[in-house]
Every structure is written in C-alpha cells, then in structure tokens.
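1. Dropping the sequence and predicted coords here.
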Amino acid sequence: KYSGTAPGKVILFGEHAVVYNKMAIASSLNLRARTDIEIKNDENKLLRIEMPEGEKIELERIKVEQIFVNKLKTIKEDDIQLISEIVEEIENYIKNREIKGDLEVAVVCILYIHGIVNHFTTNNQYKNSSIHIKLSTELPMGAGLGSSASFAVSLVSAFIAAMYNWKDESLEDKQLEMINNWAFIVEKIIHGTPSGIDNTVATYGGLLTKEGTVRTKVQNASACNILIVNTKIPKNTKKLVAGVRERYNDPKTGEKMKEYINAIDELTKKSLSIMTSTPFDEIQLTQLIQQNHKLLNYIGVGHEKLDLIVEIAKKYNLSAKLTGAGGGGCGFIYLPQDQPDAPQGLLDELNKENFWYKATKVGAGGVKIEILTN
C-alpha cells in the first residue's frame, strides 16, 4: 500500500496583481489531501476508485490500458507531457460509463496517470494485480484553497511510489521535482492553463513568492496561525480575472486600476519583508492585511460575505482579507502569536452566518509518502 498526502494553499498577499507580473505570496496549509493505492492480488485485474464523497467506480484494467497502446513513444518518464489525444479517448470512455461533472475530471486524471505508470513500471506486482485507489481530503472543494493541486500531488506521489516500488519514505530533490512536474500535468487536465504555483506549494510546502515567471521559496518566515473561513458562495475565477482585465484596459478606469495593482504589489513586498524579519512587526502586518482587502474591493473582486468576515474579525480586534479570486470563496483571519486560538464569540458569529472555518498553520510541510508492506 502506497499513500501520498499533500497540503492545500492560501494566497496571503498579491492575488490578482500577480496576473500583471507583480508579486504574490502563497503558503501551504496544514489541511491535506490523501491518496491511498493498494495493490491486490486479484486475477480480475480491476481498477477500483473511491472518491472523497464515497462514490465508488470499478473499471477493467485491460480496457483502460488499451487507450494507451502505441501512444506513449514520445514520453520520457522523467519528463512526461500532456497528450490531448489520450485525454480525449479517456473522456469518451468515461462518458460511456455515465461518469459526469467533477467526478469525471478526477477519474480522467487518475486514469491518465495510471496509464503512464503502467507503461513505465518495472513493478510486476503492479502490472498484474487489481489496483484500489482511495481519495480523501480535509479541504473544501472549489474554494480557492488549492484543493485540485493537493489532489494532484497526493495522487502522483502515491502512483510514482508504486511505479518504482519505493521502500524509503524520504523524498530527494529529484523525486520532488518529478512529482511536481507530473502534478502540473494533472493540473493542466483540470484547469487548462494553470500558473503552476498551487502544485509547487503542494509539493514543496512552506511559503513561496511568484513574480512574473520567477517562483522563489521563502526562507526563515515567522510562523503564523490563521483561521480560514469559507463563505460557501460559488465563485467564477475566469470571470473575475477577465473583469479585472477589462477595467485595467479600459481608458476610463485603467489609470486607477494600475494604481491599485501597484499598491497591492508594494504592500505585498512590505509584507514579505515583515514576515522574514526579526523582530516580527505583527501590528504592521495586520494593517497590511486590511489594506490589501480594501484594494481588492477597489479592483472589483469583493463580495458582501467576504466583507462580513472582515467586519466580524474587527469586533475582536483581528484583521482579515479575502484570499484567491474573490467574489465569494474564502477569506482568512490572522490570529496573533499571543492569541493562536480564535475567540469563541467570533466562532459563534461565523457559525450564525453558516460559514465553514478551520484554524491552521501557514507554511506546513509539503508532499509526504507512506509505504505499508504486508
């Protein structure tokens, strides 16, 4: 049995500005997705998939693997690519099984990675057995917390461990790079043109900055506690990003939008400086959190429920902001170092609004694997 777990992510500062090559700070969260792969001696050679919500799917390996015949000649195991022809064939195969929606996308990803692993593996037990795949997660789906990337990283880490029949649970740089590259392929299947920041955070953990095409691991950042709050309001990331772009390019609003984007960039860089300095200026950091939320409202990605999180936090002298695309989804409340537990009154108010919330640490560890042998 091979298991992979990977953290979610939160954008602390710089969302939307990052689209214009400005800096964003992202962090892993101590909320994780998990994939368990169990190899069972079973002459039926089935793929059994169990999803987080309990849905169960059973497929014949031979039919799935026929899709890949003669199509992987251009792929190297240390540099896999997205072959759209294979994805389309998997989608057609799944449609005939009446697997739809989010479940369809997840199964496409699983079958794509399985096909590649089956092609390259020298683990005969993997090739000649039934494979049981079970997915679980602590992350709300589609809320801007990197749930798809944590799924991708946990999935490929478990599959690669099975492919190479790894005996050692510690991961070296080369192995982490391979997991990250494969997970990026899964993210492409899900999102089309992802930035790569989510799967990188899920693989390596900790804090990461992205500015233009440059991604940098942040060293020696102060430990922070936050309360993630999910409004449960659906958001449309593509629509929100397109709306900002439209206002940015509009002659009437463009100059003001550029000012706001530059201001977000400036406060993001200030925040990074504070988080990596000793002593840690917590008061100034909380002020920057409030300013960032206001600026995100100014560029048009706010929502009344996100503002409500900020207002509730203010009653308890705490700072909060939206995180990710905005327009719904999640915000976070910063919990001071001398007050790492959220006040009960605040939690009661969040419950009253039917918000989901979870306290977590910023900068959690990255991907981990576990290997259980009989």
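-> It's in. Numbers count the residues shown, from 1 in each chain.
2. any low-confidence regions in the protein?
-> 374 (pLDDT under 70).
3. centroid residue for it?
-> In the chain, the centroid-proximal residue (Cα atoms, centre = their mean) is G146; its distance is 2.0 Å.
4. Tell me the spacing between that one and D250.
-> 31 Å (Cβ to Cβ, to the nearest Å). The way it works is simple: take the backbone N, C-alpha and C, and place the C-beta from them, glycine included.
5. so M257 touches R247, yeah?
-> Yes. With contact taken as Cβ atoms under 8 Å, M257 and R247 are classed as touching, separated by 5.2 Å.
6. Now the common contact residues for these two.
-> I299 (Cβ atoms under 8 Å, 6 or more residues apart in numbering).
7. Which of the two has more residues huddled nearby?
-> Set side by side, M257 and R247 give different neighbour counts by other Cβ atoms under 10 Å, the larger being at M257 (20 against 16).
8. so how far is D265 from the more buried one?
-> Applying Cβ to Cβ, one obtains 13 Å for the distance of M257 from D265.
9. Could you do V117 as well?
-> Taken as Cβ to Cβ, the spacing of V117 relative to D265 amounts to 41 Å.
10. K235 now?
-> The span separating K235 from D265 equals 23 Å under the rule Cβ to Cβ.
11. quick revisit: how close does the nearest residue to the residue nearest to the centre of the chain once chain neighbours are set aside sit to V201?
-> Ranked by Cβ to Cβ, 6 or more residues apart in numbering and with sequence neighbours excluded, the top spatial neighbour of G146 is K9, at 3.5 Å. Distance, K9 to V201, using Cβ to Cβ: 4 Å.
12. Between those two, which contacts overlap?
-> Each of A26, S27, S28, G146, A149 lies in contact with both K9 and V201 under the rule Cβ under 8 Å, 6+ apart.
13. Comparing K9 and V201, which residue is more hemmed in?
-> Ranked by neighbour count (other Cβ under 10 Å), K9 and V201 place V201 first, with 33 against 29.
14. Which helix or strand contains the more buried one?
-> With secondary structure defined by DSSP states H and E, V201 is part of helix 197-204.
15. Summarise which helices and strands that helix is packed against.
-> Using 3 or more Cβ pairs under 8 Å, 6 or more residues apart in numbering; DSSP states H and E as the contact test, the elements touching helix 197-204 are strand 2-13, strand 23-40, helix 147-163, helix 173-191, strand 207-211, strand 214-218.
16. Spell out the residue ranges of the strands in the stretch 251-374 of the chain.
-> Counting by DSSP state E, counting those that start in this stretch, the stretch 251-374 of the chain forms strands over residues 320-323, 330-335, 356-361, 368-371, given from the N-terminal end onward.
17. Make a markdown table out of those strands and add distance to V19 and mean neighbour count.
-> Rendered in a markdown table, the data for the strands of the stretch 251-374 of the chain read as follows (distance: least, Cβ to Cβ, whole Å; neighbours: other Cβ atoms under 10 Å):
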| stretch | distance to V19 | mean neighbour count |
| --- | --- | --- |
| strand 320-323 | 15 | 27 |
| strand 330-335 | 19 | 25 |
| strand 356-361 | 26 | 18 |
| strand 368-371 | 31 | 18 |
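18. now these as a markdown table including distance to R61?
-> Compiled in a markdown table, the strands of the stretch 251-374 of the chain are given as follows (distance: least, Cβ to Cβ, whole Å):
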| stretch | distance to R61 |
| --- | --- |
| strand 320-323 | 41 |
| strand 330-335 | 39 |
| strand 356-361 | 37 |
| strand 368-371 | 22 |
